[in-house]
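>>> Next come a sequence and a model predicted from it.
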Amino acid sequence: MTTTRTTTGIILAVFLFGLTNAQFKCPEKNGYFPDPIQCDLYYHCSRGVSEEKLCPDGLLFDDTNPSHERCDTSVNVECGDRTELQEPQPTKGCPRANGFFRHYDQGVCDKFINCIDGVPNELPCPPGLIYDDTKSTCAWPTESVRKDCTQSKKDALEDGFSCPDGEVTLPNGRTQPHPTFPHPDDCQKFYICRNGVIPQHGSCPAGTVYNDVNFKCDDPESVPGCENWYEEDDKKPKKS
């Protein structure tokens with residue numbers, strides 16, 4: 001009785017597989033075409049006959065060019081209505097064998113995991129950004145839907161400077177990716193905010209001063225309050 005049931009089950013599975021494969025009709029005689037339901041499933045059509053194929057776990061079929069057989073990460077593939085996926089093949093640190101994922105340490109927001117064939121590789125986000133797993137990319141905390149991460153305490157230099165909030169716009173209307181700010185006491189010096197959040201010191205070449213209007217090093221005569229900066233510096237007593 002058990003043997004009969006097992007045999008019947010195998011026959012049914014083979015029948016269903018053949019039926020599913022037979023139901024796919026090649027749009028063209030030759031090429032690679034997506035399954036209408038499953039995003040990592042596709043078909044190779046040769047002379048009008050289809051062969052079912054499956055992307056490696058975690059990768060999705062890119063259907064933009066029927067002449068190319070390509071599986072890629074979700075960052076580069078738009079599935080649309082093809083929402084189904086194969087059963088995951090997880091390993092330690094990897095929810096699926098391939099792809100980008102949230103860090104396995106829930107308290108780590110500024111790093112993420114790139115899994116390749118089940119092997120996790122830890123990667124950092126740029127300064128100030130957190131990993132947004134809904135987009136599989138790093139994003140500013142204010143632009144991310146991830147609610148379990150909060151911005152850490154601002155970095156500050158030894159003199160107390162920390163990068164102010166908000167974007168800085170250049171005279172041409174573009175946002176300054178690494179904004180600069182004047183030093184309160186030294187015309188030649190200024191501050192740089194890498195990615196708008198990491199502060200560091202900057203200094204203009206000798207003979208020039210920082211201009212906070214055009215965000216560049218300039219002639220002292222062009223910067224109000226710093227016209228005589230180097231003349232005053234020459235009058236300072238030299239250290240022996």
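Looks like it came in fine. Numbering: from 1, shown residues only.

>>> dump the residue contacts of the most centrally placed residue in the chain.
When Cα atoms, centre = their mean is applied to the chain, the residue found nearest the centroid is residue 137 (2.9 Å). Taking Cβ atoms under 8 Å, 6 or more residues apart in numbering as the criterion, residue 137 is in contact with 75, 100, 131. All C-beta spots, glycine's among them, are computed from the backbone N, C-alpha and C.

>>> how many neighbours does the first one have?
When you say that, I think you mean residue 75. 11 (other Cβ atoms under 10 Å).

>>> Next: the last one.
Other residues lying near residue 131 total 25 when counted by other Cβ under 10 Å.

>>> So it: helix, strand or coil?
State at residue 131, reduced to three classes by DSSP: H, G, I helix; E, B strand; the rest coil: strand.

>>> From residue 85, how far off is it?
In this structure, residue 131 and residue 85 are separated by 21 Å, where distance is defined by Cβ to Cβ, to the nearest Å.

>>> now the first one
When Cβ to Cβ is the yardstick, residue 75 and residue 85 sit 16 Å from each other.

>>> ditto for the second one
With distances defined as Cβ to Cβ, the gap from residue 100 to residue 85 amounts to 15 Å.

>>> Look up the closest residue to residue 60, ignoring the ones flanking it.
Computed as Cβ to Cβ, 6 or more residues apart in numbering, the closest residue to residue 60 that is not its neighbour in sequence is residue 77, at 4.1 Å.

>>> what's the answer for residue 149, then?
Of all residues not flanking residue 149 in the chain, residue 109 sits nearest, at 3.6 Å (Cβ to Cβ, 6+ apart).

>>> correct me, but residue 58 touches residue 73?
Yes - the pair residue 58 and residue 73 qualifies as a contact (Cβ atoms under 8 Å) at a distance of 7.5 Å.

>>> Of those two, give the one with the bigger neighbour count.
The residue with more neighbours, out of residue 58 and residue 73, is residue 58; 26 against 16, by other Cβ under 10 Å.

>>> list the contacts for the more buried one?
Contacts for residue 58 (Cβ under 8 Å, 6+ apart) come out as 73, 88, 94, 96, 97, 98, 99, 115.

>>> and those residues, which of them are in strands?
Applying DSSP state E to the contacts of residue 58, the entries found in strands are 99, 115.

>>> Most neighbours among the contacts of residue 58, which one is it?
Taking other Cβ under 10 Å to define a neighbour, the member of those with the most is residue 94, carrying 24 neighbours.

>>> circling back: what about the residue nearest to residue 149, how many residues nearby?
Residue 109: 23 surrounding residues under other Cβ under 10 Å.

>>> ranges for the helices of this protein?
With DSSP state H as the criterion, the chain has helices at 2-23, 229-235.

>>> Worst mean pLDDT among the ones you listed?
Here the helices of the chain differ in mean pLDDT, and the lowest is helix 2-23 at a mean of 45.

>>> Cool, thanks, signing off.
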